[in-house]
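J.: From the sequence below, what's the structure:
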Amino acid sequence: MLSFIDDLAGTLKDIFHYVAYFLVGTILVGAPLYGIAALFNWLL
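T.: Next comes the predicted model:
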């Protein structure tokens, strides 16, 4: 039973890492793109 709980905790940790990396990547890529789009929208 203890190994099952340990595996479950490890799986949740892995999923959290994937979600965290996805969110950080989205922010790092999306924020500059949003800024460039806002700049072009302001210029045009």
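
J.: Only C-alpha atoms from now on, for both contacts and neighbour counts.
T.: Will do.

J.: Please tell me how far T26 sits from D6.
T.: 30 Å (CA to CA, to the nearest Å).

J.: What of L39?
T.: 49 Å.

J.: again with V29
T.: Distance from V29 to D6, by CA to CA: 35 Å.

J.: and if you look at L33?
T.: For L33 relative to D6 (CA to CA), the value is 40 Å.

J.: show me where the chain has helices.
T.: 2-43 (DSSP state H).

J.: so who does L39 touch?
T.: L39 makes no contacts at all, as judged by CA atoms under 8 Å, 6 or more residues apart in numbering.

J.: if I look at H17, how far off is L2?
T.: On the measure of CA to CA, H17 and L2 end up 23 Å apart.

J.: Looking at these two, which one has more neighbours?
T.: Between H17 and L2, H17 has the larger neighbour count (other CA atoms under 10 Å), namely 12 against 7.

J.: Check this protein and tell me which residue is nearest its centre.
T.: L23 (1.4 Å; CA atoms, centre = their mean).

J.: Report pLDDT for that one.
T.: Note on L23: pLDDT of 95.

J.: Cool, thanks, signing off.
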